[in-house]
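Participant: missing the sequence, but the structure's below:
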């Protein structure tokens, strides 16, 4: 049913969903159900009385400024982020009457236990506003994305981009495509080529259709070197890392996060869309599609560090990712995937149209892996020597091989554990 926003100053309302009954009494709550992923998200902006979910006889409660995501089970409860709050401000203008008080008066410790609600110190507050689509680094009286990132990296004002020090938040007052125009690779200060991020930073676009960051085939798009970095509500496209890795996003350290981001039409030697080389990357509600690696990992390549992905799509009908091995994902390290659709990806030189793992443990839950194509092994999943896959409550369907080989759905040379998972209509 999409997403609804509920504002009650009194009384009670209950919303029946395929996952359970979400109820609110005298509070501000949003309820969103993703039919394709069968996933429910509840945001509790303010709880004068209660926001909760009833599931299989158990009541799960939310505090002010918390969100709940189901599946997984038990539900994942975490703080609302800047994107969640921005949606409330856009869709429910009078929510400003509760946002300010909750930001300065977080729930008391007397409330039921749970993850802490965000306060003014840990909820992103925009302080740098990009107001031009031009890729520039000068002093002409505006604030470009490159200038904003440099200001955040150095904690020094650049043109009209004014950092506050510590962790900055960048938003956009303009819609459209920012096309990379300052060429030059191999430096890590955001002066030329890719947008290098060396400090904790939050970048919030205006939605994937409105904020498009194009690498223009000049370089990869984003390079995360350190800090806690969140990129949300944008499209990252047309990056080209050449003989290097991570055409759209390269995580070389720190803790990265992509939320409601589309990573598309990027190219690299390894990790056409995304490369995790060190540190961690969390991806939620995002789409990784139409990316190409001349080597391995068309959509995502996990070389070291770890990946956690939930509630998104890798590929899609007619928009799959392509690589020699691991068309959708190529994993050499730890990865966790839940509530994700992995569809129509291709491995042209070997196995793992959807996923190939050759190291670490890949955990998969509530995920559909379908219509992927391997070359000669594992159209859906290829577990190569050194890899481990544990899959639960998922579906591996309609995958195939483009050459003579073994395992249209799954081919394992190492450890493959499946529980409550359908493996159907695959061909080899």
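Facilitator: Thanks, I have it. All figures in this text were calculated on a predicted structure; none of them were measured in a lab.

Participant: what strand or helix carries the most centrally placed residue in the chain?
Facilitator: The structure's the chain has its C-alpha centroid closest to residue 283; by CA atoms, centre = their mean the separation is 2.6 Å. Under the criterion of DSSP states H and E, residue 283 resides in strand 280-284.

Participant: show me which residues of that strand are buried.
Facilitator: Neighbour counts using 16 or more other CB atoms under 10 Å place 280, 281, 282, 283, 284 of strand 280-284 among the buried residues. No exception for glycine: its C-beta is placed from N, CA and C like everyone else's.

Participant: mind listing what the fourth one touches?
Facilitator: Spelled out, it's residue 283. 257, 258, 259, 261, 274, 307, 308, 309, 310, 312 (CB atoms under 8 Å, 6 or more residues apart in numbering).

Participant: same question for the first one.
Facilitator: The neighbourhood of residue 280, defined by CB under 8 Å, 6+ apart, consists of 251, 254, 255, 256, 305, 306, 307, 308.

Participant: so residue 149 sits in a strand?
Facilitator: No - under DSSP: H, G, I helix; E, B strand; the rest coil, residue 149 falls outside any strand and is assigned helix.

Participant: how about it, nearest residue that isn't a chain neighbour?
Facilitator: Excluding the flanking residues, the one nearest residue 149 by CB to CB, 6 or more residues apart in numbering is residue 190, at 4.8 Å.

Participant: doesn't residue 153 make contact with that neighbour?
Facilitator: Yes - the criterion here is CB atoms under 8 Å, and residue 190 meets it with residue 153 at 6.2 Å.

Participant: touching both of those two, which residues are there?
Facilitator: With CB under 8 Å, 6+ apart as the test, residue 190 and residue 153 both reach 196, 197.

Participant: which one's more surrounded, those two?
Facilitator: residue 190 (26 against 23; other CB atoms under 10 Å).

Participant: OK, contacts around that one?
Facilitator: 146, 149, 150, 153, 196, 197.

Participant: shouldn't the first one be in contact with residue 132?
Facilitator: Spelled out, that is residue 146. No - the criterion here is CB under 8 Å, and residue 146 misses it with residue 132 at 10.2 Å.

Participant: which one's more surrounded, the two?
Facilitator: A direct count of neighbours by other CB under 10 Å for residue 146 and residue 132 places residue 146 higher, at 27 against 20.

Participant: what about the more buried one, distance to residue 353?
Facilitator: Applying CB to CB, to the nearest Å, the value for residue 146 to residue 353 is 37 Å.

Participant: can you list the strands that the strand holding residue 283 pairs with?
Facilitator: Using DSSP bridges, the strands paired with strand 280-284 are strand 255-264 (parallel), strand 306-310 (parallel).

Participant: so how far is that strand off the chain centroid?
Facilitator: 6 Å (CA atoms, centre = their mean, to the nearest Å).

Participant: which strand residues bridge the nearest residue to residue 326 once chain neighbours are set aside?
Facilitator: With sequence-adjacent residues excluded and distances taken as CB to CB, 6+ apart, residue 326 is closest to residue 356, at 3.7 Å. Under DSSP bridges, the beta-bridge partners of residue 356 are residue 330, residue 382.

Participant: residue 356 and residue 335 touch, don't they?
Facilitator: No - Residue 356 is not in contact with residue 335 according to CB under 8 Å; the separation is 11.5 Å.

Participant: shared neighbours of those two, which are they?
Facilitator: In contact with both residue 356 and residue 335: residue 329, using CB under 8 Å, 6+ apart.

Participant: these two: who's more crowded?
Facilitator: Between residue 356 and residue 335, counted using other CB under 10 Å, the more crowded position is residue 356 (32 against 24).

Participant: show the pLDDT at the residue nearest to the centre of the chain.
Facilitator: With respect to pLDDT, residue 283 scores 95.

Participant: got it, and residue 155?
Facilitator: At residue 155, pLDDT is 94.

Participant: okay, it and residue 190: tell me how far apart.
Facilitator: 14 Å.

Participant: now the helices for the stretch 251-400 of the chain?
Facilitator: For the stretch 251-400 of the chain, no helices are identified by DSSP state H, counting those that start in this stretch.

Participant: where does it dip in pLDDT?
Facilitator: Along the stretch 251-400 of the chain, the model assigns pLDDT under 70 to no residue.

Participant: any weak-confidence spans in the stretch 101-250 of the chain?
Facilitator: 101-126.

Participant: look at the nearest residue to residue 425 once chain neighbours are set aside and say how many residues are nearby.
Facilitator: Of all residues not flanking residue 425 in the chain, residue 398 sits nearest, at 4.8 Å (CB to CB, 6+ apart). Per other CB under 10 Å, the neighbour tally for residue 398 reads 19.
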